[in-house]
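>>> sequence and predicted structure below; questions after.
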Amino acid sequence: MRPEGCAMWSRKRLDIGWSDLLFGVSRVCFPPHRKTAAAHLERLWPADEHTLACLSVRSGFDLLLGALELPHGSEVLVSAITIPDMIRIIEQHGLVPVPVDLDPQRMTPTLDQWWQAITPASRLILAAHLFGARTEMEPVLDLARRHGLMVVEDCAQAFAGAGYQGHLQADASMFSFGTIKASTALGGAILRIGDRRLLARMQTAQAAYPVQGRWPYLQRLAKCAVLKGLACRPICGLFIRACQAIGCDYDRLVNHAARGFSAADFFVQIRRQPSASLLAVLAHRLQGYDSRRLERHVANGRALAALLQETVSCPGAAVAPHTYWVFPILIDEPRRLIEHLARAGFDATQGHSLCVVRPPAGLGQRAIAAERMLAKLVFLPFYPELPVRESLRMADVILEAAGERKRENREKRGQNYSSGESF
C-alpha cells in the first residue's frame, strides 16, 4: 500500500486552472468598469433581476440580516454544523442562533427536528447544503410558510453550475466562490433574493462600502498559485516532510493559507464591495464551467461511496443530487486512519474549519448527533484529478484499516468475556 518515494495526494486541489489565474492577473492590470462587470456577472444568473454579487457569502449574509432588521433577540434556526463566522454574523445583529441537529445519513435536519426547534421567537431558518449533498427544500419551505418564517439557503458547498442556482421559493439563496469552493474565483458570492425591495435595501447598503482593492486580489492570485504548486503530488509529499522536520503544524498552516478572512477586523474586511477584477474572474469562471467534468466526478464519488459505505459510514452519500465537493467518512479513531492514509500517500484531514453550533443558555438542546459526527469526520482527498485507480487504492487502505480495527475490537471483547468482564 505504500506509494513510491514520498509522493502524496493532497487533501484538496483548488478548482481553478493556470489560465484562469493568468486571466485574473490580466484583469488586475487592466480592470473593466466595475458597474459594467457587476451587471454582466449578475445577468449570467437566471434570475438576474433578483441577484446580487458580493465579496463573499459572509458579506452577503451580513447585508441580508442588516436589511431585514429583525427584532433584537429573534431566533435563527441553523443547521447544526456550519462555520463559526456565520454564527458570529448572526450574533453581531443581536440575533440568537439555535442549532438544529442533523440526520447523520442525510447531513440535514429532519422535518421533525426543524419543527421541534420553532418557538414564538423564531424568525428565520438557515438551511445549509453540506459537503455537496443538496437537501430537499420543499418540506422545509412548507413548514416555514405555516409558521411565518423566512428561509435562507446556504449553498456555499453545493454549486453545480446551471444544475442548481437556488430554490425559487426561498427568501435567499447564497453561493460561494471562495478559495476552496467549486469553480473558485478566489472570492466572490452570488445571492438570489426573492423580495426585490429587500434586494434594493441590500444594494443600497453595499454601495456605501469601500471597494476591495486590486492589489489585495492580486495577492490572493499569487497565494493560490503557490497552493496549486504545493498540491502537485511529488511536491505535496516533500512539503509535508519539510514541515514535519522543522516542527511546523502542516494542518494549521494549510487551513490558515486557505482562510478568506482573519479574525482581526472581521466586519471591516467583509463589508467591502468586490473589485472589478474579482467580478470579471467570477464571470469568466461561470461562462467556462465544465459540466462534463462534474459528471465524471459525481460518477467517481458514487463508485467510491458504494465501495466504502458497507464498512464505514459516508455521511450524505445517499443524497441525490450530490456533487461530492468533499468526501467525508466517519471513523472511530480519525487520527489513526489519517496516519494510515498518510503512509499510503493520501493526505486526509479532520477539517478544523467547521463547528457545531452551541445552544444559547437555557434555550434548546445540544446537537448531539452533530457533535459525534464532527468528532469522527475524516475528509478524504477526492477531486477530478485523482485517478480512479488511486481512488480504488485509497478505498483498499480504508477498508483494511477498518477491518483491522474491527478485529481488534472483537479480540478485546473476547478477552473481556474470558476474564469475566462485562461488555
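Cool, the structure landed.
>>> can I get stretch 278-295 in CSV, CA atoms only?
Extracted in CSV, the C-alpha atoms of stretch 278-295 (Å, rounded to 0.1, in the frame of the first residue of the first chain):
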residue,chain,number,x,y,z
LEU,A,278,-12.8,39.7,-8.9
LEU,A,279,-16.2,40.3,-10.7
ALA,A,280,-14.5,39.7,-14.1
VAL,A,281,-12.8,36.5,-12.9
LEU,A,282,-16.1,35.2,-11.5
ALA,A,283,-18.0,35.8,-14.7
HIS,A,284,-15.1,34.1,-16.6
ARG,A,285,-15.4,31.0,-14.3
LEU,A,286,-19.2,30.8,-14.7
GLN,A,287,-19.0,31.1,-18.5
GLY,A,288,-16.3,28.5,-18.7
TYR,A,289,-18.0,26.0,-16.3
ASP,A,290,-17.4,22.4,-17.4
SER,A,291,-20.5,20.3,-16.6
ARG,A,292,-18.9,17.1,-18.1
ARG,A,293,-16.1,17.3,-15.6
LEU,A,294,-18.6,17.5,-12.8
GLU,A,295,-20.5,14.5,-14.2
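>>> tell me which helix or strand comes right after the host helix or strand of residue 253.
Assigned by DSSP states H and E, residue 253 falls within helix 250-258. Per DSSP H and E, the first helix or strand lying C-terminal to helix 250-258 is helix 266-270.
>>> for residue 267, give its distance to residue 86.
Distance of residue 267 to residue 86, computed by Cβ to Cβ, to the nearest Å: 13 Å. Where you see a C-beta, it was placed from the backbone N, CA and C, and this is true even at glycine.
>>> quick one, which of the two is more surrounded?
residue 86 (23 against 13; other Cβ atoms under 10 Å).
>>> any idea how far residue 119 is from that one?
As judged by Cβ to Cβ, residue 86 and residue 119 stand 20 Å apart.
>>> what do you get for residue 131?
29 Å.
>>> compare those two (neighbour count), which wins?
Using other Cβ under 10 Å as the criterion, residue 131 and residue 119 rank with residue 131 on top: 25 against 13.
>>> which SS class is that one?
Of the three states, residue 131 takes coil under DSSP: H, G, I helix; E, B strand; the rest coil.
>>> isn't it right up against residue 157?
Yes. Using Cβ atoms under 8 Å, residue 131 makes contact with residue 157 at a distance of 6.0 Å.
>>> what touches both of those two?
325-326 (Cβ atoms under 8 Å, 6 or more residues apart in numbering).
>>> pLDDT on the host helix or strand of residue 400, on average?
If you go by DSSP H and E, residue 400 is part of helix 388-418. Averaged over helix 388-418, pLDDT sits at 72.
>>> just the endpoints, please. Distance across stretch 373-389?
One end of stretch 373-389 to the other measures 29 Å (Cα to Cα, to the nearest Å).
>>> just the local confidence number for residue 104, please.
Note for residue 104: predicted pLDDT of 86.
>>> can you give me the distance of it to residue 163?
Counting by Cβ to Cβ - residue 104 and residue 163 are separated by 25 Å.
>>> what of residue 61?
Distance from residue 61 to residue 163, by Cβ to Cβ: 23 Å.
>>> more neighbours: which of these two?
Each of residue 61 and residue 163 has its neighbours counted (other Cβ under 10 Å); residue 61 has more, 25 against 14.
>>> the more buried one: what's it in contact with?
Going by Cβ under 8 Å, 6+ apart, the list of residues near residue 61 reads 86, 89, 152, 174.
>>> can you show me the strands along the stretch 201-350 of the chain?
For the stretch 201-350 of the chain, applying DSSP state E, counting those that start in this stretch gives strands covering 327-330.
>>> in it, where is pLDDT below threshold?
Along the stretch 201-350 of the chain, segments meeting pLDDT under 70 span 260.
>>> leaving out chain neighbours, which residue sits closest to residue 335?
Computed as Cβ to Cβ, 6 or more residues apart in numbering, the closest residue to residue 335 that is not its neighbour in sequence is residue 350, at 7.9 Å.
>>> and what of residue 311?
Sequence neighbours aside, residue 402 is the residue nearest to residue 311 in space, at 5.0 Å (criterion: Cβ to Cβ, 6+ apart).
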